[in-house]
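Undergrad: Next one to model:
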Amino acid sequence: MHERKHGHHHGPGGGRRLLEHGDLRVLVLHLIEEAPRHGYDLIKAIEELAGGAYAPSPGVIYPTLTLLEELGNITAETNGTKRLFSITVTGKETLDASRAAVEALLARLASGPGRDAVMPVRRAMENLKTALRMKLGGGAANLETMRQAASMIDELVRKIEVL
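TA: Below you'll find the model as predicted:
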C-alpha cells in the first residue's frame, strides 16, 4: 500500500486535514524565506516536515508557485531547466501577516500523523517495495532470484510474527 499521501490527509475516522485551504501557500512562502528553493526541494521539505505523511505533487506545488509569483510574493530565476524561487518584500509582508498561522501549521505538521511510531516501518516497507521493483521488475529476474526473494520475505514474516 502506498503510504505517502498526496493531497489532503484525513486521519482515522475522518478528522482534520493536514493542510487546510491556504496553508500550502504560506508554508511555501515560509520555506522560501528560509532559503531560495527549487520546486522539487519544496516538495521534499514539505514531505520532511510532515514526517512522510504528505508530499505535495508537482501538479499542486507548481501552480502554487505560479500564483505566488503572480501575486508578487516570490521571484524566479531560471537556470537551465530549473527555476530558483526567492521571497520578495511583498512576500515577506504577506508572511508576516500570517506568522501565527504559519506557527500553528508547523506545530500541526510536527505532531501530525506522520510522526507516529509506525513511520520507521512505513519507510522500511517503501524501501522493500523499491528494491523489489528494481531487482524483480521488468522481467529481468530469473526464477531462482524470484524464489530467493520470496524465501527471504517469508523468513522475515515469521520473525515479525514472533515479536
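Undergrad: Which residue ranges make up each domain of this structure?
TA: Per the record, the chain has its domains at 23-115, 119-161, by automatic domain parsing.
Undergrad: Report the beta-bridge partners for the closest residue to residue 85 other than its chain neighbours.
TA: Leaving aside its chain neighbours, residue 85 sits nearest to residue 74 (4.9 Å; criterion: CB to CB, 6 or more residues apart in numbering). In this view, the C-beta of every residue, glycine as well, is placed from N, C-alpha and C. Per DSSP bridges, the residues bridged to residue 74 are residue 87.
Undergrad: Report the contact partners of residue 74.
TA: Neighbour list for residue 74: 29, 32, 65, 68, 85-88, 91 [criterion: CB atoms under 8 Å, 6 or more residues apart in numbering].
Undergrad: just to revisit the earlier point, so of the domains of the chain, which one's packed in deepest?
TA: Mean neighbours per residue, mean count of other CB atoms under 10 Å, is largest over the domains of the chain for domain 23-115, with a mean of 16.
Undergrad: Let me see the mean pLDDT of it.
TA: The predicted model assigns domain 23-115 a mean pLDDT of 90.
Undergrad: Show me where this protein has its strands.
TA: Secondary structure of the chain by DSSP state E: the strands cover 74-79, 82-87.
Undergrad: if we look at the last one, which residues are touching it?
TA: Pointing back at strand 82-87 there. Residues from elsewhere that reach strand 82-87, judged by CB under 8 Å, 6+ apart: 29, 32-33, 36-39, 42, 65, 68-69, 73-78, 95.
Undergrad: what's the offset of that strand from the middle of its chain?
TA: Offset of strand 82-87 from its chain centre (CA atoms, centre = their mean, to the nearest Å): 19 Å.
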